[in-house]
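Undergrad: below are the sequence and a predicted model; questions follow.
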Amino acid sequence: MNPMPSKPNEDETPRPFVTSPYQQEYVEEVEIADEERDTIQRMMDVLAREHAEPRDGFEPVPFWVAVVSAGLLAWGGYYVGTNSADFRPDVYDRSDLTVGSSTSAGQSGGPEPDPQTVTELMKIGEQKYAAICASCHQPNGQGNLAQGIPPLDGSEWVVGEQASPARLARIVLYGLSGPITVKGRVYNGQMPAQGNVLKDYEIAAVLTYIRNSWTNKADKENNQSSIVAAVIRAARLVEGNRKTNGTQPYTVNELKKIPINYSDFGSIPIKKDEKETRDKGKTLNEKK
């Protein structure tokens with residue numbers, strides 16, 4: 001009995017009739033291409049079943065958030081700029097701090113030094129001038145014309161007709177803004193405030209130093225300085241809430257409104273131990 005011929009598989013594609021080796025190669029290439037096409041289709045089917053990528057977190061920043069952030073950045077920059085003391089490394093230097101004795105003046109909880117003589121103040125003032133002032137006014141006190149910084153040596157605002165303890169105290173405490181005429185030249189630099197950087201006795205020491213250095217000879221005759229810590233402290237009290245961070249500097253016109261013979265001691269109640277300093281200051285002003 002002859003076997004029944006097998007039924008062809010309906011899923012199989014009939015192979016083309018091959019009559020030559022060239023046709024055989026062509027058929028094989030077509031079959032390989034079909035297999036690759038099927039593989040790509042299967043990959044595309046898998047991707048088609050995937051869900052879209054989530055978009056949460058990629059929305060644009062709300063306008064009000066940008067405005068608030070910009071405002072905070074601006075405020076932070078202003079605060080740092082007005083309270084940084086020019087980023088000087090000597091801001092927290094204290095010449096009165098000593099290592100060793102816990103009872104030394106200037107230690108935590110102790111009174112600040114209150115030097116009275118020119119010699120004592122000059123020693124402290126020289127150190128502070130070299131650390132803070134010399135970079136602008138130069139070690140020889142000649143200033144810097146190119147940068148609009150006036151000289152201190154021979155300046156009428158230091159020892160001359162425009163000079164007074166009350167005026168000098170305010171220049172250093174609050175700074176000076178705008179043009180100023182010194183020795184016949186107009187300077188338009190910016191004097192930074194030192195009232196939040198230096199202690200009262202340190203400001204008095206710097207002023208005593210510049211008033212008695214180079215060709216300036218304000219107090220050397222009797223070795224008694226007319227500018228001591230009490231003078232600076234009185235100026236602070238009279239000015240009240242005026243800020244010493246550089247945001248409220250004095251101008252020349254404001255300084256000229258302060259009479260040369262004016263004393264801040266006459267405007268505030270003074271301590272008993274400051275009366276002698278006040279009287280000495282009056283005596284020195286009368287001699288000048």
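TA: That came in fine, so what should we check first? Numbering: from 1, shown residues only.
Undergrad: measure Asn212 to Lys183 for me?
TA: Distance of Asn212 to Lys183, computed by C-beta to C-beta, to the nearest Å: 19 Å. For glycine as for every other residue, the C-beta is placed from the backbone atoms N, C-alpha and C.
Undergrad: what about the strands in the stretch 51-200 of the chain?
TA: 180-182, 185-187 (DSSP state E, counting those that start in this stretch).
Undergrad: out of these, nearest to Asn241?
TA: Of all the strands of the stretch 51-200 of the chain, it is strand 180-182 that lies closest to Asn241, at 25.1 Å by C-beta to C-beta.
Undergrad: so Trp214 makes contact with Val158?
TA: No: using C-beta atoms under 8 Å as the test, Trp214 is too far from Val158 to be in contact (9.8 Å).
Undergrad: neighbour count: the two, which is higher?
TA: When Trp214 and Val158 are compared for neighbours, Val158 comes out ahead with 25 against 15, by other C-beta atoms under 10 Å.
Undergrad: residue contacts, that one?
TA: Neighbouring residues of Val158 by C-beta atoms under 8 Å, 6 or more residues apart in numbering: Leu152, Leu168, Ile210, Arg211, Asn216, Ala218.
Undergrad: turn these into CSV, including pLDDT.
TA: Listed next are the contacts of Val158 as CSV, based on pLDDT from 0 to 100:
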residue, pLDDT
Leu152, 94
Leu168, 94
Ile210, 95
Arg211, 93
Asn216, 91
Ala218, 86
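Undergrad: which of the residues you listed count as buried?
TA: Neighbour-count burial (16 or more other C-beta atoms under 10 Å) is assigned, among the contacts of Val158, to Leu152, Leu168, Ile210, Arg211, Asn216, Ala218.
Undergrad: on that earlier part again, which of Asn212 and Lys183 has more residues huddled nearby?
TA: Asn212 (21 against 14).
Undergrad: list the contacts for the more buried one?
TA: By C-beta under 8 Å, 6+ apart, Asn212 lies in contact with Val118, Met122, Ala218, Asp219, Lys220.
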